[in-house]
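Undergrad: Sequence below, structure please.
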Amino acid sequence: MGIYVYMLRCADNSFYVGSATGDDLAPRVDQHNAGAFPGYTYNRRPVVLVWSEYFDRITDAIAAERQIKGWGRTKKEALIKSDWATISRLARRRAGAPRAKSDVE
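TA: Got it, this is the predicted structure:
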């Protein structure tokens, strides 16, 4: 069994990124909307599923979820739109940002 990584748009227009096992995300979104989880989405209902991707390997899904959670709003919106050019542009190292040690060696 694989796992989904998904993004919800909350009523306050913020994004929530999570993961869920199973073949269908609809029940998970319904749980968020019913307030079954006392976390981030509880006071931001209703929520709408805006993006998801299925992974065969849980380790890949966890890595993707963590990566996306670290992105800013613009990059998340680009992912929702499948705007790979914008994602690529936003992924580049910003001018003046310190180089990682691995970039120098």
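Undergrad: On the three-state scheme, the residue nearest the centre of the chain is what?
TA: By C-alpha atoms, centre = their mean, the chain has its centre lying nearest to Val17, at 3.9 Å. Following DSSP: H, G, I helix; E, B strand; the rest coil, the label given to Val17 is strand.
Undergrad: Tell me where this protein has strands.
TA: Secondary structure of the chain (DSSP state E): strands at 3-9, 15-21, 48-55.
Undergrad: one step back: so who does the residue nearest to the centre of the chain touch?
TA: Val5, Tyr6, Met7, Leu8, Glu65, Ile68, Lys69, Lys76 (C-beta atoms under 8 Å, 6 or more residues apart in numbering). Placement of C-beta: from N, CA and C, glycine included.
Undergrad: which of the strands of the chain sits most buried?
TA: Ranked by mean neighbour count under mean count of other C-beta atoms under 10 Å, the strands of the chain are led by strand 3-9, which reaches a mean of 22.
Undergrad: quick one, what contacts Ala78?
TA: Contact analysis of Ala78 by C-beta under 8 Å, 6+ apart lists Trp84, Thr86, Ile87, Leu90.
Undergrad: how close does the nearest residue to the first one once chain neighbours are set aside sit to Leu8?
TA: Put plainly, it is Trp84. Spatial nearest neighbour of Trp84, chain neighbours left out: Ala78 (7.8 Å); criterion: C-beta to C-beta, 6 or more residues apart in numbering. Applying C-beta to C-beta, to the nearest Å, the value for Ala78 to Leu8 is 17 Å.
Undergrad: Thank you, goodbye.
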